[in-house]
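Q: Please find the sequence and the predicted model below.
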Amino acid sequence: MRVLLFLLIGLFGAANVAAAEPDEPAAEPTTPRGAVLVATGAPWRWQVITAPSLAPQLGALAVSGLDVVAGRSTAPASVLGHGAVPGRWPYDIDGDPLRVIPAPAPDQRIAAAFGVTTFSLTAADQGLAMLELRLRYEDGVAAWLNGVEVVREALRSRAPTALADRPHGPEWETFYLPVAPGLLRLGRNVLAIEIHPSARHTGPSLELELRGRRDRGIVRGPVLADVAATSARIVVDTDPDLEAVLEWGTGAVLDRKERSPAGSHHTFSLTGLPERAQIRYRVHAGVTPPQTYAFHTMPGAGDVIRIGIYGDVRGGHATHRALVEQMLAEPLDLVGVTGDMVLRGADQADWQRFFAITQPLLAQVRYLPAIGNHDLGARNLRDVLVLPPGPPGRPDGTYWYSYDLADVHIVALDSNAYELVDQATWLEADLAAARARKVRSIIVLTHDGPYSRGYHRGNVDARARYVPILAKHHVDLVLSGHDHLYQRGEADGIRYVVSGGGGASLYAITCGVRGKPSCAVDDGMQASAREHHFLVLTIGASAIELCARRPDGRLLEACTRLPLWRG
């Protein structure tokens, strides 16, 4: 019966889950490199395992489950179907070449598909160093090259009809495969793919391209991982066994060099930088054309500080790209994010698309997110996003932290872990210490904030557990997302803005406005808009100027002055 419940939730509960909401077609996160070895649309030989279509099968499972409960049977009917891995898998499959996975009979569904294709290499192809296997798939996939398993995603079980661990989104995902000795052969090579649907889909889907290249280069980055008054840290990921060189300078000539030995993850630590200065740099690694970026060292105490804010991108890539371009045009010291940078945190494909769009911003401005519910699932978000270290003893898989930008204290709360006493206890001590240091301003980022008139209506735990702490220590501004709208107000001693307009489909105001019921929570709303946007906070000596801007740069409302607390 637990299997039946899992499938019913997975299949029919999907209607209540937000869609991918892309506002531009799914596309490759990066420009593919190398020669095509297996083209999209190439012929494959397929063998599929079928099972009865879900509607009658779920009914049969429910009946058999009742039989088990009543003692008339010892086991429920199988909902996954029966079948075996092809006998010569993963080297060959019988059948005619097809360009798509064969369709099942009208009363059947595909529980798993096994496909084989071949490609040939000649002496002219000697020296391939990397393969790029590009996939769009639903939902779990494994791949073999000449019998060697090279990819396995969302298929922990090796049972022939196992469901994929989770649904996969519409984005292309690129797997970078080093060519180890013996992996490729002169003449005929065999590529095999095994693909399974999750409980959200009634069959698998696949688009695939395999490319080979002799060169190596940058895979992700560079990213400005940290910046201080006289130092900075820059990270870049490359293909394996590649040296990277960073050239930098303060003028037109980049006359200083830092080297990172051969590897795939490179960290450059720059010291002795001039204060309040612009630093220009570029990274050389393999064949990737070096691009020159610029950042400035951290402002000093009392300097004007400008922070960009946005959140809830999910699948809204075109809007996200427009916001990134607008923020690049602003002289920002930092970008803060209110969470939900991707739609599916477990999908590396979503993160690849995210990094492709944000690359010019990440290379030049410190990027500090609060983690949203959709961001969860990545293997290690701290490493993926180069987050500041958390406090000692913070549980694995949680992401609260704080960061000082000169004399402005920034706190990122983890709304996925509001229930943990450790977080509230840490927040109390962190804010007290910040006020004891006489910081100029305290800004708090979180995903699911205390107040909102959107679909989620604000978080009860945030209001009950965290607002009293925030108000006690006179936090100047609380910024959240989760609801895809703009809302500004003041309640219970804190000023807040809901900024969830980063690209995801927009939510309507659900209460407290004309034609809607009264709100259950007095949130002191002062302004709202159902529009995509980003914020620019300009922090001066005595006030924050808050400007909300549309994706084209126009103001969403007149800029607002928020006086800083003075104890």
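A: Looks like it came in fine. Residues are numbered from 1 along each chain as shown.
Q: the strands in the stretch 301-450 of the chain, which residues?
A: 305-310, 334-337, 366-369, 401-405, 408-412, 441-445 (DSSP state E, counting those that start in this stretch).
Q: Take those strands and lay them out in a markdown table including mean pLDDT, mean neighbour count and distance to Val190.
A: Quick note: C-beta positions are derived from backbone N, CA and C, even for glycine. Below are the strands of the stretch 301-450 of the chain laid out as a markdown table (pLDDT from 0 to 100; neighbours: other CB atoms under 10 Å; distance: least, CB to CB, whole Å):
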| stretch | mean pLDDT | mean neighbour count | distance to Val190 |
| --- | --- | --- | --- |
| strand 305-310 | 98 | 24 | 46 |
| strand 334-337 | 98 | 25 | 44 |
| strand 366-369 | 97 | 22 | 42 |
| strand 401-405 | 97 | 20 | 48 |
| strand 408-412 | 98 | 24 | 48 |
| strand 441-445 | 98 | 25 | 50 |
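Q: quick one: which of the ones you listed is nearest Val48?
A: Ranking these by proximity to Val48 (CB to CB) places strand 366-369 first, at 41.3 Å.
Q: could you say what helices and strands that closest one packs with?
A: Judged by 3 or more CB pairs under 8 Å, 6 or more residues apart in numbering; DSSP states H and E, the packing partners of strand 366-369 are strand 218-227, strand 334-337, strand 408-412.
Q: one step back: minimum distance to Ile195: which of the strands of the stretch 301-450 of the chain has it?
A: The closest of the strands of the stretch 301-450 of the chain to Ile195 is strand 366-369. By CB to CB, the value is 32.2 Å.
Q: Within its local environment, how many residues does the residue lying closest to Gln108 once chain neighbours are set aside see?
A: The shortest distance from Gln108 to any non-neighbouring residue, by CB to CB, 6 or more residues apart in numbering, is to Thr50 (4.3 Å). For Thr50, the neighbour count with other CB atoms under 10 Å is 20.
Q: Doesn't Thr50 belong to a strand?
A: Yes: counting by DSSP: H, G, I helix; E, B strand; the rest coil, Thr50 is part of a strand.
Q: so what's it bridging to?
A: On the basis of DSSP bridges, Thr50 is bridged to Ile110.
Q: and it, what does it touch?
A: Thr50 makes contact with Gly81, Gly83, Pro104, Ala105, Gln108, Arg109, Ile110, Ala111, according to CB atoms under 8 Å, 6 or more residues apart in numbering.
Q: Tell me how many other residues crowd the nearest residue to Val38 once chain neighbours are set aside.
A: Excluding its sequence neighbours, the residue lying closest to Val38 (CB to CB, 6+ apart) is Leu210, at 4.0 Å. For Leu210, the neighbour count with other CB under 10 Å is 25.
Q: In the one helix or strand Leu210 maps to, which of the residues would be classed as buried?
A: Using DSSP states H and E, Leu210 sits in strand 205-213. Within strand 205-213, the residues that count as buried by 16 or more other CB atoms under 10 Å are Ser205, Leu206, Leu208, Glu209, Leu210, Arg211, Gly212, Arg213.
Q: doesn't Ile101 make contact with the second one?
A: Just to be clear, that refers to Leu206. Yes: taking contacts as CB atoms under 8 Å, Leu206 lies within contact range of Ile101: 6.6 Å.
Q: Need the residues touching each of the two.
A: Here Leu206 and Ile101 share the contacting residues Ala113, Gly115, Ile195, scored by CB under 8 Å, 6+ apart.
Q: Helix, strand or coil: sort out the last one for me.
A: In three-state terms, and counting by three-state DSSP, Ile195 is strand.
Q: ok, so what distance separates it from Val141?
A: Here the criterion is CB to CB, to the nearest Å. By it, Ile195 lies 5 Å from Val141.
Q: So for Ala162, which of the strands of the stretch 301-450 of the chain sits nearest?
A: Of all these, strand 366-369 sits nearest to Ala162, with 33.8 Å by CB to CB.
Q: Outside of the closest one itself, list whatever touches it.
A: With CB under 8 Å, 6+ apart as the criterion, strand 366-369 contacts 223-224, 226-227, 333-339, 341, 358, 361, 375, 385-388, 403, 405, 410, 412, 445.
Q: From the chain's centre, how far out is that strand? Work that out for me.
A: Using CA atoms, centre = their mean, to the nearest Å, the mean C-alpha position of strand 366-369 is found 13 Å from that of the whole chain.
Q: pull the longest strand from the chain.
A: Secondary structure assigned by DSSP state E gives strand 232-249 as the longest strand of the chain.
Q: how's the chain carved up into domains?
A: 27-51+83-213, 218-292, 306-558 (automatic domain parsing).
Q: Export those to CSV and append columns for distance to Met298.
A: CSV is the format used below for those (distance: least, CB to CB, whole Å):
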stretch, distance to Met298
domain 27-51+83-213, 31
domain 218-292, 5
domain 306-558, 6
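Q: Quick check: which of those domains is buried the most?
A: Compared across these, domain 306-558 shows the largest average neighbour count, a mean of 20 (mean count of other CB atoms under 10 Å).
Q: Span of that one from start to end?
A: 17 Å (CA to CA, to the nearest Å).
Q: how much distance is there from that domain to the middle of the chain?
A: 15 Å.
Q: do stretch 207-218 as well
A: Averaging C-alpha positions (CA atoms, centre = their mean) puts stretch 207-218 23 Å from its chain's average.
Q: Can you tell me what sits against that stretch?
A: Here stretch 207-218 makes contact (CB under 8 Å, 6+ apart) with 32-40, 42, 119, 125, 127-137, 179, 184, 191, 193, 236-242, 244, 283, 285-288.
Q: Surely Val365 touches Asp226?
A: No: contact criterion CB under 8 Å: Val365 and Asp226 do not qualify, at 11.9 Å.
Q: Do I have it right that Gly503 meets His317?
A: Yes: at 6.7 Å, Gly503 counts as touching His317 under the criterion of CB under 8 Å.
Q: before we move on, back to that, format the shared contacts of Leu206 and Ile101 as TSV; extra columns: pLDDT.
A: Converted to TSV, those look like this (pLDDT from 0 to 100):
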residue	pLDDT
Ala113	95
Gly115	96
Ile195	96
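Q: Can you add distance to Asp476 and give those back as JSON lines?
A: JSON lines is the format used below for the shared contacts of Leu206 and Ile101 (distance: CB to CB, whole Å):
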{"residue": "Ala113", "distance to Asp476": "56"}
{"residue": "Gly115", "distance to Asp476": "57"}
{"residue": "Ile195", "distance to Asp476": "51"}
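Q: and which of these is nearest Ser260?
A: Nearest to Ser260 among those is Ile195, at 37.6 Å by CB to CB.
Q: Chain neighbours aside, what residue packs nearest to that closest one?
A: Per CB to CB, 6+ apart, closest to Ile195 is Pro204, 4.1 Å.
Q: show me what contacts that neighbour?
A: Residues counted as contacts of Pro204 (CB under 8 Å, 6+ apart) are Ile101, Ile110, Ala112, Ala113, Tyr137, Glu138, Asp139, Ile195, His196, Pro197.
Q: Which neighbours do Ile195 and Val141 have in common?
A: With CB under 8 Å, 6+ apart, Ile195 and Val141 have common neighbours Leu206.
Q: returning to what we had before: closest to Ala491 among the buried residues of strand 205-213?
A: Distance to Ala491, by CB to CB, is smallest for Ser205 among the buried residues of strand 205-213, at 46.8 Å.
Q: My guess is that closest one contacts Val100. True?
A: No: with contacts defined as CB under 8 Å, Ser205 does not count as touching Val100, sitting 9.1 Å away.
Q: picking up where we left off before, quick one: which of the contacts of Pro204 is nearest to Thr297?
A: Using CB to CB, the contacts of Pro204 come closest to Thr297 at Tyr137, 44.0 Å.
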